[in-house]
Structure formats: C-alpha cells, structure tokens
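Student: Based on what follows, work out the 3D shape:
(one chain, ligands or ions: 1)
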Amino acid sequence: MIFDEEINQTIRYLKPSGIRKFFDIAATRKGVISLGVGEPDFITPWHIREEAINAIEKGKTFYTGNRGLLKLREGICNYYQRRFGIAYDPEENVIVTVGGSEAIDLVLRTIIQPGDEVILPTPAYVAYAAIIEMAGAKVAEVELKEEDDFKLTPEALRSVLHPHTKAVILNFPGNPTGGVMTREDYEKIVPILKESGIFAVTDEIYAELTYEQKHCSIAEFEEIKDRVIVINGFSKAYSMTGYRMGYILAHKELIDMILKIHQYTIMCATTPCQYAAIEAVNNGDKDIGEMFIGFKQRRNYVVKELNRIGLQTHMPQGAFYVFPSIQCTGMTSEEFCETLLEEQNLALVPGNAFGEAGEGFVRLSYAYSLDELKEALRRLELFLKDHR
Ligand code: PMP
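Tutor: The predicted structure follows:
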C-alpha cells in the first residue's frame, strides 16, 4: 500500500464485508444463480413510484427540512400507532434518514463514547460490528443459538453485560437467522435492560415479515421506552431498496442530538423519494400484505426442500432468510460456499460473514422467484450428493 500510516487505522484494519467479497467472485462467472442478496425482487408498487415521478414533475426538487417532510413524519407516526400500537410525536421523535443504514450509523455515533462496549447478538447483519468499531466502541458479541430459535435469552444478555456497556443491538426479525422475539421473550429481558440502564437499539426493518404472529417492538415497554431507539425503513416492507429511505424513532433529546450529525453530513433524505415514502406509509398496507403472502409461500417451500435434501434447517419465523446448518458436510462455511460456487454455480453467503457464531451455517435469501429457488435447490441437492 502506498497509503498506510496516513490512513485512519480503524478503517485500515476494518474487514471488508464477507458478503461483497463473495459476490464479486460470483459476478465474474457465467450462469451463476445467487441467493445471496437481501433484497425483495418485487418492483416497487406503481402508486408509490408514481409519487416520486410526480414530485419530480412538479418541481419538488429542493432540500427538505433536516428532519424530513412533516407529512412523512406524520405518516410514519401514524403507521407505528396503527401497526404496532406505539405513540411517537412527528415533531419531536422522528428523523428521516438515507435508508436504515444511515440510521444505524447516526444512532451509534450519537451514543458511543471512547471505552464503551456495544452488545451485538450474533450471527448479525454485517454493518453493525463495522459501524460500532468505526464509532470507537468495542463489540461484545453474544451468540444466538439455533436451539433457542436464535432469540436473545436473559442468560445470554446477562453474560455480556459490563459496566462499560452502552447499548445492545436488537434485530428481530433478524438477518441472517430469521429469528423473532415475541412479547413473552421481551418480558424476560426488559427488566435486565431497565436495571442496567443501557440503550436498546432495535432495528425493525423486517417488522412486516413475521409469519406466525404480529411483530412486537420492544418500544411497547413503557418502562424502558426512553432508552429504546427504533430504526426502520422502506426497503424491505415496500420493496424500495433503491430509494434509500429509512427513519429513527426515539426520545426527543436523542433525536435532537442525532439530528446534529445528520444535519452536517447528509442535510436531508432525497426529496422525491420522501414523497414516494409518504404514499407508501399511508397507502401501502395492501402491498405489504401481498408481498407477505409471496414470501411466506417461498419460505415454506425452501425450508421443506432443504430438509428433504438433507440440510437440517430451522424454520425461520421472520425476514426472508433461511440459515441452514451445513455441519453434515464437514466443511467450513467458506469451503462450502466456495466449492458450491465452483461446482454448481450457486452463490450463498457463508455464515461466518455474520460473526463467528455463524460458522457451520450458510445464509440463503428467498427473496427470489420460485423458478430461481427451484433451480438453486436442484443444484444444492446435486452438490450434497457428492459432499456428504
Ligand atoms: N438492517 C438490516 C438488518 C438489514 O438487513 C439491512 C439491509 N440488508 C439494513 C438494515 C439496511 O437497509 P436499508 O439501508 O436499505 O434501509
């Protein structure tokens, strides 16, 4: 490297995403089927797209206020009240961000101070650990176990709590495991959070994809609500990944602090996309319902097939991922994915990309057409015949 010492050393030693590395290889090959990307395959519903077009046509192309359009913040608060029964004030408790991604970064940079630790239940979405480290805190991983349905248990939470703990990341339904926390599950950890006084950063981007029961947000628990910071967005629920729309819901004082970073680094989320998002939150419940049916059908199909071809697979309760164990092959997650790509032109994500606790698993996204899923499973079956 010509630039070495001059580079910020945290960035210099930050590991590139294990997902990207793999898909860069896959992109150079012909005929590859990839179940790697966590992105719904539906095109954004037309009435939502139309609002972005209308905004551009009508010249609504200027900056908005830093917090985002009031109509959008009102829509978001109505949505949280309507879908999850939680009250937030559009003037005080909301900030519209560039995807859930910006939201994660803003929240962590706002609360983290040098010497802090952030509890990260793993396997976890790849961005959290990197952002925690970039914000200057230490990641305290705690393993989510398959035998616990990948839930965060009170014992696990207690085992990593520390005087320096600043926050815990909660992502239920979870990427990559599809794990879900019910109200009863939260009831067991809320007293621990209350007693310790740490923040609960809850990324609810998959809230609309819970298959067995309605999503429960930890923000429902009034006794800790002041220290709950909700992250959500439009990418998954309305199939709007490219619009880059997300938001944060939190106590007024936190939002005011978070706003300082957003104001200086981003200013505001893209204006035409904010108009599209207003249409989505106000009139998109039906679209959510239709996509949900499609995802549930695919989940059931994929899990049944995986178990039939001999990959023992936990039935995920949410999101659009399955996380089968590949231990029967005796390979590491990376060996499995590399050989599968080499021999069958099928790209999956090695579980260890989501933390050490993901070793021995692979992640498969079923946000693909049934035809692609069928072909992928056919290739996987052939592969397993040779490698068990
Ligand atoms: N959180 C989780 C758990 C995710 O899986 C993703 C996207 N894969 C995001 C946040 C970020 O999504 P976006 O920035 O598109 O809102």
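Student: CA atoms for contacts and neighbours, from now on please.
Tutor: Will do.
Student: now the nearest residue to A87 once chain neighbours are set aside: how far from N307?
Tutor: The shortest distance from A87 to any residue other than its chain neighbours is 5.5 Å, reached at Q81 (C-alpha to C-alpha, 6 or more residues apart in numbering). Q81 is 39 Å from N307, where distance means C-alpha to C-alpha, to the nearest Å.
Student: after the lengthiest helix in the chain, next one along is what?
Tutor: In the chain, assigned by DSSP state H, the helix with the most residues is helix 285-308. Per DSSP states H and E, the first helix or strand lying C-terminal to helix 285-308 is strand 321-322.
Student: Let me know whether that next one sits next to the ligand.
Tutor: No. Using C-alpha under 6 Å from any ligand atom, strand 321-322 never reaches the ligand; the gap is at least 9.8 Å.
Student: Run through who's touching the helix or strand just after that strand.
Tutor: Counting by DSSP H and E, the next helix or strand C-terminal to strand 321-322 is helix 333-344. When contacts are defined by C-alpha atoms under 8 Å, 6 or more residues apart in numbering, helix 333-344 is touched by residues 26, 32, 326, 346-352, 359-362, 379-380, 383.
Student: can we see that at 7 Å?
Tutor: For helix 333-344, the surrounding residues in contact (C-alpha atoms under 7 Å, 6 or more residues apart in numbering) are 346-352, 359-362, 379, 383.
Student: Show me what the mean pLDDT comes to for the helix or strand just after that helix.
Tutor: Sequence order places strand 346-347 as the next helix or strand after helix 333-344, per DSSP H and E. Per-residue pLDDT over strand 346-347 has a mean of 94.
Student: Over to stretch 213-221?
Tutor: Stretch 213-221 comes out with an average pLDDT of 96.
Student: which of the residues in it are buried?
Tutor: Residues of stretch 213-221 classed as buried: 215-221 (neighbour count, 16 or more other C-alpha atoms under 10 Å).
Student: same thing with stretch 147-154?
Tutor: For stretch 147-154, a neighbour-count test (16+ other C-alpha under 10 Å) marks 149-154 as buried.
Student: Over to stretch 242-257?
Tutor: Neighbour counts over stretch 242-257 (16+ other C-alpha under 10 Å) mark 243-252, 254-256 as buried.
Student: Also stretch 352-362?
Tutor: For stretch 352-362, the neighbour count (16+ other C-alpha under 10 Å) marks 352-355, 357-362 as buried.
Student: can you check stretch 22-29 too?
Tutor: For stretch 22-29, the neighbour count (16+ other C-alpha under 10 Å) marks 22-23, 26 as buried.
Student: Same check on stretch 363-371?
Tutor: By 16+ other C-alpha under 10 Å, the buried positions in stretch 363-371 come out as 363-368, 370.
Student: That one vs the ligand: in contact?
Tutor: No. Interface with the ligand: stretch 363-371 contributes nothing (C-alpha under 6 Å from any ligand atom), its closest point being 10.7 Å away.
Student: returning to that earlier point: what's the most distant pair in the buried residues of stretch 363-371?
Tutor: By the measure C-alpha to C-alpha, R363 and L370 form the most distant pair in the buried residues of stretch 363-371, at 17.3 Å.
Student: The buried residues of stretch 147-154 into CSV, with extra columns for distance to the ligand and pLDDT?
Tutor: Formatted as CSV, the buried residues of stretch 147-154 follow (distance: C-alpha to the nearest ligand atom, whole Å; pLDDT from 0 to 100):
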residue, distance to the ligand, pLDDT
D149, 17, 94
F150, 14, 96
K151, 15, 97
L152, 15, 98
T153, 19, 98
P154, 21, 98
